[in-house]
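Asks: The amino acid sequence is not available; the structure is as follows:
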């Protein structure tokens with residue numbers, strides 16, 4: 001009987017020891033602990049293994065709404081520091097060079113032209129001109145032809161020389177023997193003109209010729225072939241010829257003009273039968289001018 005009690009007591013102790021060992025190992029811990037006299041024992045926190053979970057892909061609706069939400073969010077303003085040193089004082093790059101023949105539009109291009117484009121301003125120019133005028137000399141019709149050559153300054157002021165001459169035969173007073181005579185008349189001098197330019201290719205020019213010449217009475221039928229029959233009587237005269245021209249610039253190198261002038265003559269009264277008034281008079285005509293305007 002005593003051995004049976006000892007055996008039973010050993011089984012109880014072994015069972016209690018085995019149960020305590022099982023409660024100490026979490027790997028073999030039972031799902032529920034047996035109740036104890038002191039109350040329920042708190043369960044130990046379970047060990048979580050490393051997770052391989054990934055976030056689900058965004059739906060098309062979320063992708064469409066996300067940019068609007070991002071746009072509503074305030075943007076962070078960043079201020080970049082201003083670099084110190086010569087970087088702030090850099091000179092802006094120069095414009096590329098203009099190609100040859102390039103022009104600048106503007107009032108400094110000189111007078112406009114009817115044909116062709118304007119070119120760059122030229123401070124100096126020049127021209128040669130031929131002219132024909134109708135006038136009256138000694139009460140008869142006279143054709144006066146002339147030639148001018150001048151230097152043009154700033155497209156406006158021209159300074160040069162001009163020459164005029166009687167182109168047709170104009171009968172003068174008869175000589176002492178009653179023979180018919182004709183008048184030879186020519187003159188030349190300094191020519192100065194100033195153009196009143198505007199925005200139109202047609203503009204006015206005022207000027208004058210100041211110089212001298214000669215008037216000669218010859219036999220009406222005199223020619224250079226029969227110079228022995230020269231019965232001339234000539235002398236020098238002083239001439240002042242103011243004029244007004246209206247120019248039309250067709251190109252930069254060609255222009256035409258209509259003109260009117262008046263010829264003052266002094267010194268012809270000493271010729272028998274010829275007075276200053278016979279040589280003075282109004283002239284109307286035109287000119288063609290070639291050069292660089």
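Replies: Ah, there it is. No experiment lies behind these values; they were computed from the predicted model shown. Numbers count the residues shown, from 1 in each chain.
Asks: residues making contact with stretch 276-287?
Replies: For stretch 276-287, the external contacting residues (Cβ atoms under 8 Å, 6 or more residues apart in numbering) are 129-139, 144, 148, 185, 215, 237, 243, 245, 256-269. C-beta coordinates here come from the backbone N, C-alpha and C atoms, glycine included.
Asks: Then stretch 183-190?
Replies: Outside stretch 183-190, the residues touching it (Cβ under 8 Å, 6+ apart) are 137-138, 159-166, 170-172, 209-218, 232, 234, 237, 239, 274, 279.
Asks: quick one: which of the contacts of stretch 276-287 sit in strands?
Replies: 129-137, 144, 148, 185, 215, 237, 243, 245, 256-266 (DSSP state E).
Asks: Which of the contacts of stretch 183-190 fall within strands?
Replies: 137, 159-166, 170-172, 209-218, 234, 237, 239.
Asks: Just the buried residues out of the residues you listed, in ChimeraX syntax.
Replies: Selecting only the buried entries of the ones in strands among the contacts of stretch 183-190 in ChimeraX, with 16 or more other Cβ atoms under 10 Å as the criterion:
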select :137,160,162,163,164,166,170,172,209,211,213,215,216,217,218,237,239
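Asks: and the helix or strand containing residue 183, which residues are buried?
Replies: Assigned by DSSP states H and E, residue 183 belongs to strand 181-196. Within strand 181-196, the residues that count as buried by 16+ other Cβ under 10 Å are 181, 182, 183, 184, 185, 186, 187, 188, 189, 191, 193, 195.
Asks: could you redo those as JSON lines and give each row distance to residue 124 and pLDDT?
Replies: Converted to JSON lines, the buried residues of strand 181-196 look like this (distance: Cβ to Cβ, whole Å; pLDDT from 0 to 100):
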{"residue": "181", "distance to residue 124": "47", "pLDDT": "87"}
{"residue": "182", "distance to residue 124": "43", "pLDDT": "88"}
{"residue": "183", "distance to residue 124": "40", "pLDDT": "90"}
{"residue": "184", "distance to residue 124": "37", "pLDDT": "91"}
{"residue": "185", "distance to residue 124": "34", "pLDDT": "93"}
{"residue": "186", "distance to residue 124": "30", "pLDDT": "95"}
{"residue": "187", "distance to residue 124": "28", "pLDDT": "97"}
{"residue": "188", "distance to residue 124": "24", "pLDDT": "96"}
{"residue": "189", "distance to residue 124": "23", "pLDDT": "97"}
{"residue": "191", "distance to residue 124": "17", "pLDDT": "97"}
{"residue": "193", "distance to residue 124": "15", "pLDDT": "95"}
{"residue": "195", "distance to residue 124": "15", "pLDDT": "91"}
